[in-house]
Structures are given as C-alpha cells and as structure tokens.
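[1] give the three-dimensional model of this entry:
(one chain, ligands or ions: 2)
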Amino acid sequence: MPMMTGEQYEESLRKLNLNVYMFGKRVDNLVDDPIIRPSMNAVKLTYDLAHQPEYEDLMTATSHISGKTINRFTHIHQSTDDLVKKTKMGRLLGSLTGCCFQRCVGMDAMNALSIVTYDIDQECGTGYNRRFLDYLAFVQENDLTCDGAMTDPKGDRSLPPHKQPDPDMFMHVVEEREDGIVVRGAKAHQTGAVNSHEIIVMPTISMREEDADYAISFALPADAEGITYIMGRQSCDTRKLEKGTIDRGNGLYGGHESLVVFEDVFVPWERVFMYKEYTFAGRLVEHFASYHRQSYACKAGVGDVLIGATQTAAEYNGAARASHIKDKIIEMNHLNETLFCGSVACACEGHPEPSGTYLVNTLLANVCKQNVTRFPYEIARLAQDIAGGLMVTLPSEADLNSPEVGHLVAKYFKANGAVTTAQRMRILRLIENLTLGTAAVGYLTESMHGAGSPQAQRIMIARQVNMAHKQQVAKKLAGIDEA
Ligand code: SF4
Ligand code: FE
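    Ligands and ions are numbered 1, 2, ... in the order given. Reported below is the predicted structural model:
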C-alpha cells in the first residue's frame, strides 16, 4: 500500500494501542477523543490531498529506492526541486488546516538520518545506512506517519548529559544485549506523536566522549512496550468538549503535543541508526534542525488563514476601507511573504550531500526560522488590532442561542447589515483561536521555540556567514592593504 487514503490512515491508527494519558486519565479511544481528534484530522489531510489530482505534484514524489509514487512526507529529497515542493506543500497544508499538521518532523528526521548514517559509515565502517534504508523502505511501503523526536527534558541546562543528577534527563542506553539495546529517557513537546505510527528518536545536542551513552538514534513503533504519552494542556482546549462549534474557532483541525516517556524500552539492532558515535550527534541535530527550520513555511500557510480572517473581520466590522486598515493588511502580507521567501530560498540554494540526499542551505534555513520567531507575533498583533476588543469580550455561543438573552447578543453585536452576528462571532473566534487559543500553540509559541529557540539560529548564523569574505571586500574598497 504505497499511499494510504485518509480513511485508511484513520483505520490504521485504530489498530495501534498507544498508552496515552490526558487530564490524569488513560485515553482508550484516541481517534474519537474530542480533544485529540482535530489533530488527527490535520494529519489525515496529508493523506487525502495526495490522492487529489490538483495537489499530486506537491503531495507526492517518486521513491528513489522503489521507483513507486509515494506521499512526499516519506520522501528523501533528490533535487532542489524536491526541496522547493516540500516548502510549497507546507504552506498549502498550513493554509488548509490553520494549524500544525505534524507530519513534517518525521520527514525531516528521515532526511537527516539518510545523510548522517551514510557519513558515519564512511568514517567508522559501520552499516547504519543500509539499515536505515531498509527502515525507510518499510515506512514508504506502508505510508506511515513518523514522529521525529529530538527534544530531551534536559534538566539543569548548565550540565552536560553525563553530569545530570538524574541521568534520565537525556535519552540514553541502559543495557546492551545481543539482539539490541534498552533505552530510557523522555522526549518533550512531541508534535503529533499520538497520531504517529512510528517514533524516530535522535539526540538533542552535540555530545562529548563522556556522553557516548546518550549519542543514540533509533526508531520504534509508537505503541512499543514501555512508551507512555502525557498530553500537553492547551489554552481553551476544553472548548472542544462543549456543545456548538463557534467558540472553538477552528472546528475541524488543531495540532497537539505530548511528553513521550521511554521506560526501559527494547530496540532491536536493525532499528538502531547511531550507537555511541558521539562525534556525529551534533551533525544529526544540525541537519534535522535545518530541515525543520525550512519546514516552517507552514507558518506562512497559517498566516494566510489569519490574514484572510482579519480582512473578513474588517469587512464585517465595516472598517475595511479605512486607509490605516488597508495599510496594516499590507504589512501582514509583507511579513507573511517574507517568511515564505526564506523557506523557498534555502530550498533553491540546496545541495547534494555525499549520500545523495539534497540538504537545504543551512545559513538561509536559519535566517528563515529566525524570521519565524518574530513575524507571526507582529502579524498576530495587527490581527488583534484590526479585529477589535470584541474578539476577547464576546459572549459564548450558548448566550447567542439563549431564549432569554440571545436576541440581545444578536442585536448589539450586529455590525455590517449583510452579515449575521453568528458569522461575525465565527470569524472573531477564529482569530482568537489563532492568536490566543489552541492554534496559538502552533502559530506563536511553536514559531518561537519549535526547531530550536531563537538563540540557536543566531549561533548558527554567526557560524555560517563568511565574515572573512565580507571584511576582505570592505577593505579592498576602502583601499586598505594590511600586508
Ligand atoms: Fe510541520 Fe509546521 Fe507542525 Fe513543524 S510546526 S510539524 S513544520 S506543521
Ligand atoms: Fe514544529
């Protein structure tokens, strides 16, 4: 089954048996849980769109190992054209879901591993790349969703892994057996983990020799024995338990994160892709981070939704023709397209690594993500400016439907005569959802910290710019000959 439909994906999740906790209780039926279901819907769309002819070019690719048509989320980039299509696919899905659709982390993990397993083999004479390619063939053949799990809890940030008072603050190996290894630790902020078939684990930082037990990468089925998921709490999440749809803002889709805990979990050798090769941990982190910093074209897609909602709110309020509103909408578009430019640029400037996989231009990918840590906040500020205070003082949908006060809500919150109060409430609730509610997790805080916090990109930018060249051209034009 090289490409599942959305329905088949949903059915495949029902066959898994993940150990998930939320609000202190085990969740037995994840797929139909009202809080988790919208996040599953967003991943489901990545399957459905691949079968629609108008999206085929972006959503599918030709596997370099089987030659079959596969979902692009399981593809290893073979050209800069592949990288550009990945960027456009992210924007498309962001715009159609208005949230994080979660499937990029697995794609980015697999692309990074396709490079680094090859590099380790070249230097150490190991056989990781063959192992990884066998695993990739399994993922492509079954069209699986993989969670790329990088971020450890990290404990005391001033201490390296081996010096932590609690050694489990970073994922590590606790036992080596003939048939595999046993691992312990946790991965935090795991986007979409509970909607995944597989979890691909990578180290979270560069490692030294003393940290060798922590320099591990492997893949496990999401329901492997010993893995527990604890769902993150989101602002306004329990609105999904209420009757009605207006107050949710986005009635269909939403992202979700969890803490994934590994309590002495067995990993067979054929699923281990790095084992104590500590000098390569940093390279795997950097490649994954660069790919995921490119992936943040998704935020331009979510920005499309927010800009569209804001323009609509301005029209519903009767304010759309005011010159300052028009100018603010232009500013929002300028910022949003600048986000997209960074992702396109790092894709166009990509190059092949020795493994044959195309990697983005890592300097430009870091510039892209640095913009993502800032511009969505400004776009959200302008959206709230234009939407007005009503976005946060609106009564509930239940009040709108109340036999006692419903007519008052409908009367006093009516603006543009052609628009019902319910329609006006819907668009304001969507803006609230994107800038303050469940979707703000993905659009704002994840823009700040996902794929590395702002300082991580600044370090990479400092390391990657060619300062010697800049000084050389400046000195030449200034007529300075230091020799
Ligand atoms: Fe994909 Fe964006 Fe979500 Fe990351 S934040 S998984 S890039 S949709
Ligand atoms: Fe993310």
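[2] so where do the helices sit in the stretch 151-300 of the chain?
    Under the criterion DSSP state H, counting those that start in this stretch, helices of the stretch 151-300 of the chain are mapped to 281-295, 298-317.
[3] is it possible to export those to JSON lines including mean pLDDT and distance to ligand 1?
    For glycine as for every other residue, the C-beta is placed from the backbone atoms N, C-alpha and C. JSON lines is the format used below for those (pLDDT from 0 to 100; distance: least, CB to the nearest ligand atom, whole Å):
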{"stretch": "helix 281-295", "mean pLDDT": "98", "distance to ligand 1": "3"}
{"stretch": "helix 298-317", "mean pLDDT": "98", "distance to ligand 1": "3"}
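[4] how about the residues of the stretch 101-250 of the chain near ligand 1?
    Selection of the stretch 101-250 of the chain residues close to ligand 1 by CB under 6 Å from any ligand atom yields 101, 102, 104, 105, 191.
[5] change it to 8 Å
    For the stretch 101-250 of the chain, the residues in contact with ligand 1 under the definition CB under 8 Å from any ligand atom are 101, 102, 103, 104, 105, 108, 191, 192.
[6] show me what contacts the fifth one?
    Read that as residue 105. Applying CB atoms under 8 Å, 6 or more residues apart in numbering, we find residue 105 in contact with 146, 147, 148, 149, 191, 192, 292, 295.
[7] ok, then the element right after the longest helix seen in the chain?
    In terms of residue count, the longest helix belonging to the chain (DSSP state H) is helix 323-348. From helix 323-348 onward toward the C-terminus, using DSSP states H and E, the following helix or strand is strand 351-352.
[8] helices or strands next to that following strand in the packing?
    In this structure, strand 351-352 packs against strand 358-359, with contacts taken as 3 or more CB pairs under 8 Å, 6 or more residues apart in numbering; DSSP states H and E.
[9] between helix 323-348 and the helix or strand following the strand it packs on, find me the angle.
    Past strand 358-359, further along toward the C-terminus, the next helix or strand under DSSP H and E is helix 362-372. Angle between the axes of helix 362-372 and helix 323-348 is 160 degrees (criterion: axes from the mean of the first three to the mean of the last three CA atoms, to 10 degrees).
[10] thinking again about what came up before, go through the contacts of residue 105 and say which is closest to ligand 1.
    residue 295 (3.4 Å; CB to the nearest ligand atom).
[11] neighbours of the nearest residue to the closest one once chain neighbours are set aside, how many?
    If you skip the residues right next to it in sequence, residue 295 has residue 104 as its closest partner in space, 4.2 Å away by CB to CB, 6 or more residues apart in numbering. Here the number of neighbours of residue 104 (other CB atoms under 10 Å) works out to 26.
[12] roughly how far apart are residue 104 and residue 75?
    From residue 104 over to residue 75 the distance is 12 Å, taken as CB to CB, to the nearest Å.
[13] hmm, back to that, neighbour-wise, which one of the contacts of residue 105 leads?
    Ranked by neighbour count (other CB under 10 Å), the contacts of residue 105 have residue 148 at the top, with 30 neighbours.
[14] and it, what element?
    Applying DSSP H and E as the criterion places residue 148 in strand 146-149.
[15] okay, that strand in CSV with CA atoms only?
    Once non-C-alpha atoms are left out, strand 146-149 reads as follows in CSV (Å, rounded to 0.1, in the frame of the first residue of the first chain):
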residue,chain,number,x,y,z
CYS,A,146,6.6,9.2,11.9
ASP,A,147,7.2,11.5,14.9
GLY,A,148,10.8,12.9,14.7
ALA,A,149,11.7,13.1,18.4
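[16] please name every helix or strand in contact with it.
    Other elements packing on strand 146-149 under the criterion 3+ CB pairs under 8 Å, 6+ apart are helix 104-124, strand 180-191, strand 198-201.
[17] deepest-packed of these, please.
    Mean neighbour counts were compared across the helices and strands packed on strand 146-149 using mean count of other CB atoms under 10 Å; the top stretch is strand 198-201, at a mean of 26.
[18] direction included, what does that strand pair against?
    Strand 198-201 pairs in its sheet with strand 146-149 (parallel), strand 216-221 (antiparallel), by DSSP bridges.
[19] not counting that strand itself, show me its contacts.
    With CB under 8 Å, 6+ apart as the contact definition, strand 198-201 has outside contacts at 106, 109-110, 113, 139, 144-150, 171, 183, 187, 190, 193, 216-222, 224, 227, 260, 262.
[20] for the contacts of residue 105, which one is nearest residue 347?
    For these, the minimum distance to residue 347 (CB to CB) is 10.4 Å, reached by residue 295.
[21] that closest one against residue 88, yeah?
    No: the criterion here is CB atoms under 8 Å, and residue 295 misses it with residue 88 at 11.7 Å.
[22] quick one, grab the pLDDT at residue 181.
    In this model, residue 181 is scored at 98, pLDDT.
[23] can you redo the helices of the stretch 151-300 of the chain as CSV with distance to residue 266?
    Putting these into CSV (distance: least, CB to CB, whole Å) gives the following:
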stretch, distance to residue 266
helix 281-295, 22
helix 298-317, 34
